[in-house]
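**Student:** Quick one: sequence plus predicted model below, questions after.
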Amino acid sequence: MINDTHIHEFTKDLPVTHDANIRAYLGVPIFYNNGEMFGTLCAIDSKTSNFTQKDIEVLQKFSNLFSFVIELERKVNYDSLTELYSRNYLYTHFTQIANKGTLMLLDLDGFKEVNDVHGHHVGDDILKEVGNRIKKFLDATSLGVRLGGDEFVILIPNLQDDLEIEDKAHHLLSILSDWKGFNINISASIGIITFPYDEEIHLGNLLKKADIAMYQAKERGKNCFQIFSE
């Protein structure tokens with residue numbers, strides 16, 4: 001709560017307050033339920049103000065409302081276990097994300113044995129770790145999705161160069177087959193399809209073709225990738 005930025009010790013020499021003509025400021029944080037900060041809800045004025053504790057309490061009520069809304073959005077758009085995007089998000093936003101690029105569909109090899117031998121709680125931990133590794137694999141424009149179970153999608157907009165696709169697929173296989181210290185033996189089979197924008201091509205068809213390629217990869221011995229070809 002800063003009623004006069006020109007004299008407050010934190011803002012009197014801060015260029016942004018002068019450049020943006022901010023003379024008074026009131027802000028409260030907005031948090032996700034897990035404690036991660038989403039952002040800040042602010043009230044600003046070009047004139048000095050007389051903000052009080054009551055104003056803070058009002059703003060906090062709005063902040064709590066925002067937290068509730070963003071949590072609902074998060075539950076719809078994100079997978080709760082891996083924190084990758086959800087199947088619903090992919091289907092809802094696919095056409096806005098990319099009109100050409102590469103779609104990789106991957107299925108974990110040997111994951112059923114992990115659940116059978118070690119239990120589903122260990123299986124959940126492995127899926128979380130897969131999610132973390134996929135997030136590190138992604139660049140700023142790529143999208144990681146958990147379709148369900150141990151199936152994942154990686155969508156890379158604008159990527160259509162064969163050599164670059166193969167390099168990325170080899171890298172993905174490498175990071176999903178190294179489980180030293182986990183006492184498990186799993187890998188991934190990947191089906192890949194590239195696509196341009198076409199009104200007749202939709203996500204369902206792309207996933208079906210990627211699924212065909214993925215099962216061809218499994219038939220070839222698993223821990224490999226197959227690019228779909230008509």
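**Tutor:** Ah, there it is.
**Student:** what about the longest helix in this protein?
**Tutor:** Ranked by number of residues, the top helix in the chain under DSSP state H is helix 53-77.
**Student:** Please tell me how far the residue lying closest to Arg87 once chain neighbours are set aside sits from Asn205.
**Tutor:** Using CB to CB, 6 or more residues apart in numbering and skipping the chain neighbours, the partner closest in space to Arg87 is Leu147 (5.1 Å). Glycine gets a C-beta too; all of them are placed from N, C-alpha and C. From Leu147 across to Asn205, the span is 15 Å (CB to CB, to the nearest Å).
**Student:** Of these two, which one has the most company?
**Tutor:** The residue with more neighbours, out of Leu147 and Asn205, is Leu147; 18 against 13, by other CB atoms under 10 Å.
**Student:** In what element of secondary structure is the more buried one found?
**Tutor:** strand 143-148 (DSSP states H and E).
**Student:** and that strand, what does it pack onto?
**Tutor:** Using 3 or more CB pairs under 8 Å, 6 or more residues apart in numbering; DSSP states H and E, the elements in contact with strand 143-148 are strand 85-86, helix 87-97, helix 120-137, strand 151-157.
**Student:** tell me which element Tyr215 is part of?
**Tutor:** Using DSSP H and E, Tyr215 falls in helix 203-219.
**Student:** Beyond that helix, next helix or strand please.
**Tutor:** strand 225-227.
**Student:** Now tell me what touches that following strand from outside.
**Tutor:** 104, 162, 165-166, 169-170, 172-173, 189-194, 213-214, 216-217, 220 (CB atoms under 8 Å, 6 or more residues apart in numbering).
**Student:** where in this protein is pLDDT low?
**Tutor:** Within the chain, the stretches with pLDDT under 70 are 197-200.
**Student:** how close does the most centrally placed residue in the chain sit to Pro196?
**Tutor:** Centroid-nearest residue in the chain: Leu84, 4.2 Å away (criterion: CA atoms, centre = their mean). Distance from Leu84 to Pro196, counting by CB to CB: 25 Å.
**Student:** Gly39 too?
**Tutor:** Distance from Gly39 to Pro196, by CB to CB: 37 Å.
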